[in-house]
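Undergrad: no sequence for this one, just the structure:
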């Protein structure tokens, strides 16, 4: 299989413009003859569904939540980047592009990233026009703040709820199209398969999560905007229902899965307190602007942190990275927190936490100033952890937060299956091996508002309007039968271990061995453990309830079944990548000082995996898309 | 390690929209102060499943108070006892050994039960669908800074825009009115210049839809404001009424 990225020719800054000029169009009177399906209604799916419906296409939008407004994009706190350069601090499209590609440790496609930076400004315009209440200065103009990995202030925000406000903007635009009759809307529906006829995506199979009914939907194009797969770790900052099922089922049908081992671990989350823990809560990374990270120098020092004198505190980030200190990028901060805990210096009941201390900032600026900056975060911490962070340092620990890997797509965001597109976190395209803060919202909305409306039209222009095979076509029969059979099988096992129990065990393997730090030995044993646990799952899982009723645990069961297969692919991918880059740290490939050591000569490629079968083990084939850097020079990152 | 304690639970069971509902009781003695309320229910469900019984269904997703999926009524209070807190962010340290806890779905004709504690809130979607937006097509926006908006105005708009659509306001209202939800969206958009063009059409369409869905009228009890996890001010309802009167009589 040859992977064609379809990146347009020409200078970097003209690629998207000239592509737009050359792409085919569908005439307005013909658009209503096409059906486009969106799976997922977060920033990418919601924005895309609204935009295509506005153009006149018939859109069907599906989400697993009870309303499109609840997609997990809603939980993004920090902000959204754009190259507006309102603060006049030297920002530009090129600089946003450069920071993003460098932040991703040179494992993303130049042209995609440049386009992202290019349309970033339109996103802000669009959101403001929708009534998104971004933070403003007293002048009445939009405010900006700085964020990790950048030397300019380019982040737009709406308090700590930027994702919510942007998502509601997209959701409202979508609901306007529902009212106009251009979108048929299916909340509480989960995609269980993609239907492929003659090698082309022609529809999907869904389960109505209220009645259990398996339904068939035909379309001319299918967009998967179903989010990331962080919940393979069981504990992550993802919403409980976030899952890989839609993407994985597409992968099983032939869509390549790219860079599955690139997973971002966020350094500042509230630590785990016990086995009952169901998810992890992120504390905005902005806290590291004023908080100092430390652990006691002495193992097992169980004194109250405030009683530990200065010379017995190990400010390990400040000591190891004097020029960036507590503001090193996410991957570096996470890795070092794990290292000190592995050395036995961790704090709290579990020993899996480090202190984030505001004592000095409060002494310097006063409690009121700190409260004004971080009040809501401090309250949230106190609510969850039961300790007052004004009086006692916070305990924090890294947690899985975002997955850079995803379905392989070309420049048009189309997978290797014609007619099947992937957008937002569900694709792999823009963040390389590490995503910078405030870039996820930008990518979701860029894909949805500006890229897909152009590229889907270009694709449909070659599809004869009104092509219909009918949902009684054998491809639909087969896919619907398989979806139902899988569910029946899960319900019939009636084993002794709960789904959550299995998921928790799987998560532990993935976290320990395919987490912050990976090694050949660990990955090989992870693969064996995953295979064994998967076999046990299919023999001994207990799935309660009925198939024809609302049944949340049945939903979890098939999602966990897919996570089992994905986990093995992640391990294989991490094993193949014999280098350290971005969030992927292989113990064998480090500098003498313990920093990530990239190998551009051999590993400057996108790993795109083709599914073959699962037969005790996952059988899969690796295809490589070489990454060529025409416009930037590859440099080793250094934050010393 | 913190010690476990015991609570006595009484929760609503209903096998479908038309089935007859009832309360089921169970004592749970593995509750830990660090658990969230929903994690306590997860533990209950694990226990039930290990005994071959059906778990209790309830809605949730983000578990950090922003998606608005969870909407339990706990001891008669929407989202439970902690002010400004969705029940996913309520922690068991707010309870003590031996407490009795009753858990119900939000009760409203416009929110029919789907199963157990899960209700159908699609009426909220239809209220937004009726007019809760600015009709701006993708690509037609002007430069974001072309129109300055006073910081105070923008902040007020944000306070209304923060609604998570959980429906606690409906659950708490003796009339099961959706006025705080509807008013919050109307007030958010009417603060801003972008929302003003369609203001009259919007308020009439949304209020009419709210009535059509079977929500009651507002008679100023103020319970909605008291339970709102985002502490949205009841002034949203005043804004809505003001706009409505203006739209209908001018």
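TA: Here it is on my side, so go on. It should be emphasised that the depicted structure is a prediction, and the values quoted were computed from it without experimental measurement. Residues are numbered from 1 along each chain as shown, chains lettered A, B, ... in the order given.

Undergrad: residue ranges with poor pLDDT in the chain?
TA: Since you didn't name a chain, this refers to chain A. Applying pLDDT under 70 to chain A flags residues A:148-149, A:639.

Undergrad: that's the other chain; I wanted chain B
TA: Those would be B:1, if you go by pLDDT under 70 across chain B.

Undergrad: look up how far residue A:135 lies from whatever residue of chain B ends up closest to chain A.
TA: Closest residue of chain B to chain A, CB to the nearest CB: residue B:148 (2.9 Å). The C-beta positions use only the backbone N, C-alpha and C, and glycine is treated the same way. Residue B:148 sits 13 Å away from residue A:135, going by CB to CB, to the nearest Å.

Undergrad: looking at these two, which one has more neighbours?
TA: The neighbour count for residue B:148 versus residue A:135, taken as other CB atoms under 10 Å in any protein chain shown, is higher for residue A:135 (19 against 14).

Undergrad: for the more buried one, list the residues it contacts.
TA: The contact partners of residue A:135, by CB atoms under 8 Å, 6 or more residues apart in numbering or on different chains, come to A:142-143, A:156-159, B:154.

Undergrad: any chance of JSON lines for those, columns secondary structure, distance to residue A:275 and neighbour count?
TA: Output for those, formatted as JSON lines (DSSP: H, G, I helix; E, B strand; the rest coil; distance: CB to CB, whole Å; neighbours: other CB atoms under 10 Å in any protein chain shown):
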{"residue": "A:142", "secondary structure": "strand", "distance to residue A:275": "45", "neighbour count": "21"}
{"residue": "A:143", "secondary structure": "coil", "distance to residue A:275": "43", "neighbour count": "18"}
{"residue": "A:156", "secondary structure": "strand", "distance to residue A:275": "40", "neighbour count": "28"}
{"residue": "A:157", "secondary structure": "coil", "distance to residue A:275": "36", "neighbour count": "22"}
{"residue": "A:158", "secondary structure": "coil", "distance to residue A:275": "36", "neighbour count": "23"}
{"residue": "A:159", "secondary structure": "coil", "distance to residue A:275": "34", "neighbour count": "17"}
{"residue": "B:154", "secondary structure": "helix", "distance to residue A:275": "44", "neighbour count": "22"}
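
Undergrad: can you add distance to residue B:45 and give these back as TSV?
TA: Converted to TSV, the contacts of residue A:135 look like this (distance: CB to CB, whole Å):
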residue	distance to residue B:45
A:142	45
A:143	44
A:156	41
A:157	37
A:158	35
A:159	34
B:154	43
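
Undergrad: identify the farthest-apart pair in those residues.
TA: Spatially, the most separated pair among those is A:142 and A:159, at 13.8 Å (CB to CB).

Undergrad: surely residue B:214 and residue B:110 touch.
TA: Yes - the pair residue B:214 / residue B:110 is scored as a contact, 4.4 Å apart, by CB atoms under 8 Å.

Undergrad: so what's residue 76 closest to, chain neighbours aside?
TA: All of this refers to chain A. residue A:163 (2.7 Å; CB to CB, 6 or more residues apart in numbering or on different chains).

Undergrad: my bad, chain B
TA: Of all residues not flanking residue B:76 in the chain, residue B:102 sits nearest, at 7.2 Å (CB to CB, 6+ apart).

Undergrad: ok, now residue B:230?
TA: Closest residue to residue B:230 apart from its sequence neighbours, by CB to CB, 6+ apart: residue B:162 at 4.5 Å.

Undergrad: more neighbours: residue B:214 and residue B:110, which one.
TA: Per other CB under 10 Å, whichever of residue B:214 and residue B:110 has more neighbours is residue B:110, with 24 against 14.

Undergrad: wait, doesn't the more buried one sit right on residue B:178?
TA: Yes - assessed by CB under 8 Å, residue B:110 is found in contact with residue B:178 at 7.2 Å.

Undergrad: residues touching residue A:430, list them.
TA: Counting by CB under 8 Å, 6+ apart, residue A:430 has contacts A:100, A:104, A:108-109, A:112-113, A:116, A:439, A:443.

Undergrad: farthest pair within those residues?
TA: Pairwise distances across the contacts of residue A:430 peak at 14.8 Å for A:109 and A:439 (criterion: CB to CB).

Undergrad: the two - which one has more neighbours?
TA: For residue A:109 versus residue A:439, the count of surrounding residues by other CB under 10 Å is larger for residue A:439: 29 against 24.

Undergrad: my guess is that one contacts residue A:431. True?
TA: Yes - taking CB under 8 Å as the definition, residue A:439 is a contact partner of residue A:431 at 6.6 Å.

Undergrad: show me what contacts the residue in chain A that chain B sits nearest to?
TA: Sorted by distance to chain B under CB to the nearest CB, the residues of chain A start with residue A:140, at 2.9 Å. Neighbour list for residue A:140: B:148-151, B:154 [criterion: CB under 8 Å, 6+ apart].

Undergrad: need those in TSV with secondary structure, can you?
TA: TSV is the format used below for these (DSSP: H, G, I helix; E, B strand; the rest coil):
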residue	secondary structure
B:148	coil
B:149	coil
B:150	coil
B:151	helix
B:154	helix
